[in-house]
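**Q** model the following, please.
(chains A and B)
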There are 2 protein chains.
Amino acid sequence: MNLEKAIFGRRSVRNYSSKILEKKHLKELLDAGIWAPTAGNIQPWVFVCVTHTKRIQQIHTVSPGMLGNPQALICVCSDQNRAVEKAGPGGRTLAIMDCAMAAQTIMLFAYGLGMGTCAIRSFNPSAVRELISAPAHIHPELLITVGYPAESPKPPARKKDVFFWELYNEKEGKKDDE
Amino acid sequence: MNLEKAIFGRRSVRNYSSKILEKKHLKELLDAGIWAPTAGNIQPWVFVCVTHTKRIQQIHTVSPGMLGNPQALICVCSDQNRAVEKAGPGGRTLAIMDCAMAAQTIMLFAYGLGMGTCAIRSFNPSAVRELISAPAHIHPELLITVGYPAESPKPPARKKDVFFWELYNEKEGKKDDE
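**A** Numbers count the residues shown, from 1 in each chain, chains lettered A, B, ... in the order given. Model (predicted):
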């Protein structure tokens, strides 16, 4: 798929069909995710891909933001040991950013393969950690629901007044500013 | 450009040519960025695009991570008022994630247009805020350097042992787990 089409066409999907996802396609999503930029090449991310219906349902019970019977869940986690080892305490925020960039990369790639996704940030991280049997230093940052879409969501409204030039609140940028 | 090619081919560029960037192309990058996913459609982001050489140099002095004489800088900021108005205190982390996803969207799109970019997270946010004349509730989250690349960076090494199935540390996932 064309890059531009993917960026402008991707939508958050909250209603999935029962069509089965192939594991090889899920693997491709993860392979794409690791090519996101990462501060200092730390690569703090860990991906736990859940496809078993029972475990998806268990995670659902601690994830109010999850909707639409996804076929799979990608738990995008940060490895806090790796995150702070190189970067110090500031590594925590860097890891959140890296995980978010990896997630967006996965979601764009999934759209290119005809799959739908939705990033979920409303969940209980400790409960998710326990359900995927992860140790304390693995922090679930985002959940991505994955499946084939059973809906074609309309584009949500987008603010256009968030672009400024040279200085905050300058719509065009002063020509004689230099 | 093809989506897959962009995701796997994009590199962080730290050496830019003197070729001038057209403002219309920079505008296209911002237009792409606002189509990143955003929790609750809050769109906490604000983009201040700096092209004046003097101001880029001023920001450089407070950004140890910046390299390579970029032609432009995109300051990706969060509007903290907007971030917490809908989402409460947790909106701070959501805004960081949203800004990171917008940044990756911008960087992929730039690569598709033949431009190079690099996300900078090592800078003094208060000093950058002052240099772009932003008020206290506008928080610089990331800087993106932009220009035409004067180098073709090699792919950095990527960890392959970060994919797990069903449970943390499960390389294949138990078939009888359900």
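
**Q** after the longest strand belonging to chain A, which helix or strand is next? Please name it.
**A** Under DSSP state E, the strand in chain A containing the largest number of residues is strand A:138-147. Downstream of strand A:138-147, the first helix or strand assigned by DSSP states H and E is strand A:163-165.

**Q** and that next one, what does it pack against?
**A** strand B:45-50 (3 or more Cβ pairs under 8 Å, 6 or more residues apart in numbering or on different chains; DSSP states H and E). Heads up, the C-betas are built off the backbone N, CA and C, glycines and all.

**Q** which residues touch the spatially most central residue of chain A?
**A** For chain A, the residue nearest the mean C-alpha position is A:Ala103 (2.7 Å; Cα atoms, centre = their mean). For A:Ala103, the contact set (Cβ atoms under 8 Å, 6 or more residues apart in numbering or on different chains) comprises A:Gly33, A:Val76, A:Ala119, A:Leu142, A:Ile144, B:Met97, B:Met101.

**Q** pLDDT of stretch A:87-102, averaged?
**A** The average pLDDT for stretch A:87-102 rounds to 94.

**Q** near chain B at all, the helix or strand bottoming out on mean pLDDT in chain A?
**A** None of the helices or strands of chain A scores lower by mean pLDDT, DSSP states H and E than helix A:80-87, at a mean of 92. No: judged by Cβ under 8 Å from any Cβ of the partner chain, helix A:80-87 makes no contact with chain B; its nearest approach is 9.0 Å.

**Q** could you give the separation of that helix from the chain centroid?
**A** 20 Å (Cα atoms, centre = their mean, to the nearest Å).

**Q** between it and strand A:45-50, how big is the angle?
**A** With axes from the mean of the first three to the mean of the last three Cα atoms, to 10 degrees defining the directions, helix A:80-87 sits at 160 degrees from strand A:45-50.

**Q** of all the residues in helix A:80-87, which ones are buried?
**A** By 16 or more other Cβ atoms under 10 Å in any protein chain shown, the buried positions in helix A:80-87 come out as A:Gln80, A:Arg82, A:Ala83, A:Val84, A:Ala87.

**Q** swap in stretch A:86-93?
**A** A:Ala87, A:Gly91, A:Thr93.

**Q** about what we covered before: would you turn the contacts of A:Ala103 into CSV with secondary structure?
**A** Shown next, in CSV, are the contacts of A:Ala103 (DSSP: H, G, I helix; E, B strand; the rest coil):
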residue, secondary structure
A:Gly33, helix
A:Val76, strand
A:Ala119, strand
A:Leu142, strand
A:Ile144, strand
B:Met97, helix
B:Met101, helix
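
**Q** farthest-apart pair in the residues you listed, please.
**A** Spanning the widest gap among the contacts of A:Ala103 are A:Gly33 and B:Met97, at 14.5 Å by Cβ to Cβ.

**Q** for the least confident helix or strand of chain A, packing partners?
**A** Partner elements for helix A:80-87 (3+ Cβ pairs under 8 Å, 6+ apart): helix A:91-112.

**Q** mind showing which ranges of chain A have poor pLDDT?
**A** Residue ranges of chain A with pLDDT under 70: A:174-178.

**Q** counting neighbours, what do you get for A:Gly114?
**A** A:Gly114: 11 surrounding residues under other Cβ atoms under 10 Å in any protein chain shown.

**Q** then A:Ala157?
**A** Using other Cβ under 10 Å: A:Ala157 sits among 8 other residues.

**Q** which residue comes closest to it once chain neighbours are left out?
**A** Excluding the flanking residues, the one nearest A:Ala157 by Cβ to Cβ, 6 or more residues apart in numbering or on different chains is B:Asn41, at 7.4 Å.

**Q** surely the one you found and A:Lys159 touch.
**A** No: B:Asn41 is beyond contact range of A:Lys159, at 9.5 Å (criterion: Cβ atoms under 8 Å).

**Q** looking at these two, which is more packed in?
**A** A:Lys159 (16 against 12).

**Q** list the contacts for the residue lying closest to that one once chain neighbours are set aside?
**A** The shortest distance from A:Lys159 to any non-neighbouring residue, by Cβ to Cβ, 6+ apart, is to B:Gln43 (5.1 Å). For B:Gln43, the contacting residues are A:Arg158, A:Lys159, A:Val162, B:Ile34, B:Arg82, B:Asp98, by Cβ under 8 Å, 6+ apart.
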